[in-house]
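A.B. asks: here is a sequence with its predicted model. Questions after.
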Amino acid sequence: MNAKDKYLLETWPKQQAKGKMMYMVYHALIYGLLVGVISLLFRNDDGPVLDLILSKDYLVKFALFTTIGVIMANYKWRANNKRYEALKQQNDQIN
């Protein structure tokens with residue numbers, strides 16, 4: 001068992017206790033904000049940042065990337081659950 005597996009075995013129950021919804025919201029917002037900020041950095045406008053953030057273009061991108069973040073977080077949640085259960089079963093067989 002490698003360090004990543006041990007880390008998952010230790011931390012995943014705590015994450016599960018917080019709930020799937022909080023996990024998905026947290027990861028989706030981080031992804032949406034991160035991609036949104038990066039997209040702002042590559043804009044050629046010299047306008048005020050507040051105007052850029054409140055622009056329709058940015059808000060549509062933020063909504064789109066937050067939705068993508070929810071899909072990715074849901075996939076990651078399922079993958080972590082599956083991996084955790086396999087590792088837990090493997091660990092129980094060893095002990």
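C.D. replies: Great, that's in hand. Residues are numbered from 1 along each chain as shown.
A.B. asks: OK, contacts around L87?
C.D. replies: Applying C-beta atoms under 8 Å, 6 or more residues apart in numbering to L87 gives the contacts 1, 5, 8-9. In short, each C-beta sits where N, CA and C put it, glycine included.
A.B. asks: list buried residues within those.
C.D. replies: With neighbours counted by 16 or more other C-beta atoms under 10 Å, the contacts of L87 contain buried members at 8-9.
A.B. asks: could you dump the contacts of L87 to TSV with secondary structure and pLDDT?
C.D. replies: Below are those laid out as TSV (DSSP: H, G, I helix; E, B strand; the rest coil; pLDDT from 0 to 100):
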residue	secondary structure	pLDDT
M1	coil	77
D5	helix	89
L8	helix	91
L9	helix	90
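A.B. asks: out of the contacts of L87, which comes closest to Y31?
C.D. replies: Using C-beta to C-beta, L8 comes nearest to Y31 of those, at 20.5 Å.
A.B. asks: pretty sure the closest one is touching N81, no?
C.D. replies: No - using C-beta atoms under 8 Å, L8 is not in contact with N81, being 10.3 Å away.
A.B. asks: now stretch 10-29: buried residues?
C.D. replies: Going by neighbour count (16+ other C-beta under 10 Å), the buried part of stretch 10-29 is 12, 15, 23-24, 27-28.
A.B. asks: distance from that stretch to the middle of the chain?
C.D. replies: Put simply, stretch 10-29 sits 9 Å off its chain's centre (C-alpha atoms, centre = their mean, to the nearest Å).
A.B. asks: averaged pLDDT, that stretch. What do you get?
C.D. replies: Averaged across stretch 10-29, the pLDDT comes to 93.
A.B. asks: and it, how far apart are its ends?
C.D. replies: 25 Å (C-alpha to C-alpha, to the nearest Å).
A.B. asks: fine by me, thanks again.
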